[in-house]
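Novice: Need a 3D model of the sequence below.
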Amino acid sequence: MHRIEREDGGIAVSVDFSTPERALSIERDGQRVVTPSPVGISTPDGEFPEDYEFVGRDSSTVTETVRTSRGKRRVHDHRAESAEFAFESSDGRTLVFEVRVADDGVGYRYRIGGDGRLSLFGSRPGLGADDSGFRVPAESLGWLFEYGVDHESVGRHYSAHRADGEFSMPGLFYTGECWVLVAEAGVDGTYAASSLSSDEASTLFEYRMPRTMVHARLPTSTPWRVAIVGDIETIGSSSLVPQLVGDARVDPGADWVEPGRVAWSWWSDGSSTADAQVQREYIDYASERGWEYVLIDADWDAADVPGLVDYADERDVGIFLWAHWTDLHRSDERERRLDRWDDWGVAGIKVDFMDSDDQGRHQFYDEIAESTAERELLVNFHGSVVPTGLSSRWTHVLSYEGVMGAEHYHAKALPPEHNVVLAFTRNVVGPMDYTPVALSTDNRVTSDSHELALSVVFESGLQHFADSPETYAGRPNAEWFLERVPAAWDETTVLSGWPGSCASIARRRDDEYFVGTICAGEARTLDVSLPFLDEPRDGTLLRDGANGDSIVRERITVGPGADLTVSVARHGGFSVYLPGE
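Specialist: Numbers count the residues shown, from 1 in each chain. Now for the predicted structure:
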């Protein structure tokens, strides 16, 4: 039995390679929150760990600073205890099982040495496999998303032992003592992304790759298998996933890597993307609001784009162009198109409809990230995988979709509970192109203030505000707030919450603070503490008006040691702006 402990977070991992179970378990403050769970992987020399002999252990303390261009914060201090367990096969192949125990969770991976190729198959019909997983206690509750290649499903509440099927990453569990978010980090074209698979009457959630082959050249490292562990505030504030990746290949401080707010016309008028006059109106509006970008979405007219880029440049607005991934799949077409768009002077691209987690599609992500970095083009991946921290490697990749967001309002209402679940699941692991603040749709049961608060609660390096200039101008209090709220943050604090019920999040940029709170369910009065304040501050509260169909703006004074008390409407919310000194 081997043990790795991190005193600062109260987290300890036990690994036992000697028993038939060959399992890993996790404790927090002496309470077991992940029960013995399988570790193992097929290799060219047989199954690990069954066919390998233990050689030795090397322990160290990891102290790293990871910088990103966006996220819950832009400077991430990664502190962890590391243990590397070395093994050797009878043919002399080395394998290192690496475990890190950080203040807010655990990650492990397999580093396989030698030469040749590693081949794995996701559905495991007698072929090689990655047999990793986490087993939560039997009484655990879960919040999970049914799996689809677009990762666009509603977050739902389960009893963990009755969750039967395949689910998108990440999965959230409450053990009765602690919260556990199961995720992965560092998936790129050397591997494939995983879903979570579980059978009814079992609380083991296994990492299941797509039902296609994965071929890796050796030596190689697998993605990290991650369990973020702590109270709900720790879960929502965690940056463990990007911290495990690190390795920035694009300087996050480069002047061309600029997160920002985005105006776009497709959500409110899908036929407007080829209308140059409408696009100029959106550029004008973005410029007046101080927003950084305009997205010209699908079906744009190439004849108009160079002129629109010049028009936007004169107004200090950057242009993003939409592209279907197949337009950029072949290397010659990709180089030709990217060169052309770069010559036009666009700021970045939105690449859409990848809709696959397999290795080949992840190789496409790698190729796009590298090609756009060479041309200093920003990237938004839509119709995408769930991010696994690679925006800390490719810091110009500012957002991913991989979420059921506001575009679904065109067909149906989204459950308000879904929004609250996202704050503690999907948006924890990376940027989320939800396209918030959709005010004009009839297919909505959330209040206006709930929608406005999503601009703070949801983090994305490109924050596409869904609605039209006319809609925002008709709600001047929302317009006032959206002029001020940024898209990149220096600090994030989860104030309180429960998935599916309520989420209250505070974010800081420079010396300005923003608070966003969203609720699902009946009207209520909330008391929210603001522990980040060390002295009283004057600010502005934007709250629900009568029936939740309006936004009231009022001056407030808040300070340490006293809660902010706000009444919210049914499915309501509120926002707070605290300007700097």
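Novice: so after the helix ranked longest in the chain, what's the next helix or strand?
Specialist: What stands out as the longest helix in the chain, according to DSSP state H, is helix 359-375. Counting by DSSP states H and E, the next helix or strand C-terminal to helix 359-375 is strand 378-381.
Novice: The lowest-mean-pLDDT helix or strand in the chain packs against which elements?
Specialist: Least confident helix or strand, the chain: strand 117-121 with a mean of 85, by mean pLDDT, DSSP states H and E. Packing partners of strand 117-121 (3 or more Cβ pairs under 8 Å, 6 or more residues apart in numbering; DSSP states H and E): strand 41-43, strand 213-217. C-beta coordinates here come from the backbone N, C-alpha and C atoms, glycine included.
Novice: do that again at 6 Å, thanks
Specialist: strand 213-217 (3 or more Cβ pairs under 6 Å, 6 or more residues apart in numbering; DSSP states H and E).
Novice: partner strands of the strand it packs on, parallel or antiparallel?
Specialist: strand 117-121 (antiparallel) (DSSP bridges).
Novice: How about residues contacting the helix or strand following the strand it pairs with?
Specialist: Downstream of strand 117-121, the first helix or strand assigned by DSSP H and E is strand 133-135. Here strand 133-135 makes contact (Cβ atoms under 6 Å, 6 or more residues apart in numbering) with 34-35, 37-38, 182, 203-206, 227.
Novice: so what's the residue lying closest to Val457 once chain neighbours are set aside up against?
Specialist: In this structure, Val457 finds its nearest non-sequential neighbour in Gly516, 4.1 Å apart by Cβ to Cβ, 6 or more residues apart in numbering. By Cβ under 6 Å, 6+ apart, the contact set of Gly516 is 453, 456-457, 505, 575.
Novice: Which members of these are the farthest-apart pair?
Specialist: Maximum pairwise distance among those (Cβ to Cβ): 10.6 Å, between Ile505 and Ser575.
Novice: ok so, going back, pretty sure the residue nearest to Val457 sits in a strand.
Specialist: Yes. Judged by DSSP: H, G, I helix; E, B strand; the rest coil, Gly516 forms part of a strand.
Novice: I'd like the distance between it and Arg444.
Specialist: Going from Gly516 to Arg444 by Cβ to Cβ, to the nearest Å gives 17 Å.
Novice: same question for stretch 19-32, mean pLDDT?
Specialist: Averaged over stretch 19-32, pLDDT sits at 89.
Novice: For that stretch, which residues meet the burial criterion?
Specialist: For stretch 19-32, burial by neighbour count (16 or more other Cβ atoms under 10 Å) applies to 22-28, 32.
Novice: now stretch 487-507
Specialist: Across stretch 487-507, burial judged by 16+ other Cβ under 10 Å covers 487-490, 492-497, 499-500, 502-507.
Novice: before we move on, the earlier item: restricted to strands, list the contacts of Gly516.
Specialist: 505, 575 (DSSP state E).
Novice: still on that earlier bit, buried residues, the least confident helix or strand of the chain. List them.
Specialist: Neighbour counts over strand 117-121 (16+ other Cβ under 10 Å) mark 118, 120-121 as buried.
Novice: Also stretch 91-109?
Specialist: Across stretch 91-109, burial judged by 16+ other Cβ under 10 Å covers 93-109.
Novice: Now the residue nearest in space to the middle of the chain: closest residue in space, sequence neighbours ignored.
Specialist: Nearest to the mean C-alpha position of the chain, by Cα atoms, centre = their mean, lies Gly430 at 2.1 Å. Of all residues not flanking Gly430 in the chain, Pro387 sits nearest, at 3.0 Å (Cβ to Cβ, 6+ apart).
Novice: Domain parsing of this protein, as residue ranges.
Specialist: Here the domain parsing of the chain from automatic domain parsing is 2-245, 260-486, 512-578.
Novice: got the residue ranges for the helices in the stretch 451-581 of the chain?
Specialist: Secondary structure of the stretch 451-581 of the chain, counting by DSSP state H, counting those that start in this stretch: helices at 469-473, 476-482.
Novice: Please work out which of those is packed deepest.
Specialist: Stretch with highest mean neighbour count among the helices of the stretch 451-581 of the chain: helix 476-482 (a mean of 20; mean count of other Cβ atoms under 10 Å).
Novice: Quick one: list the elements packing against the strand or helix carrying Arg3.
Specialist: Using DSSP H and E, Arg3 falls within strand 2-6. Applying 3+ Cβ pairs under 6 Å, 6+ apart, one finds that strand 2-6 makes contact with strand 11-16, strand 75-89, strand 94-102.
Novice: Now do the SS call for the nearest residue to Thr441 once chain neighbours are set aside.
Specialist: Leaving aside its chain neighbours, Thr441 sits nearest to Tyr409 (4.3 Å; criterion: Cβ to Cβ, 6+ apart). The three-state assignment at Tyr409 reads helix, by three-state DSSP.
Novice: Tyr409 - how many residues pack around it?
Specialist: Residues lying near Tyr409 (other Cβ atoms under 10 Å) number 18.
Novice: Show the contacting residues for it.
Specialist: Counting by Cβ under 6 Å, 6+ apart, Tyr409 makes contact with 438, 441, 443.
Novice: Out of those, which end up buried?
Specialist: Of these, these count as buried by 16+ other Cβ under 10 Å: 438, 441.
Novice: What is the nearest of the contacts of Tyr409 to Asp58?
Specialist: Ala438 (51.7 Å).
Novice: quick one: contacts for that closest one?
Specialist: The contact partners of Ala438, taken as Cβ under 6 Å, 6+ apart, are 406, 409, 466-467.
Novice: in the stretch 201-350 of the chain, which spans are strands?
Specialist: 204-208, 213-217, 220-221, 224-230, 260-264, 293-296, 318-324, 348-352 (DSSP state E, counting those that start in this stretch).
Novice: weakest of these in terms of mean pLDDT?
Specialist: strand 213-217 - the lowest mean pLDDT of the strands of the stretch 201-350 of the chain, at a mean of 91.
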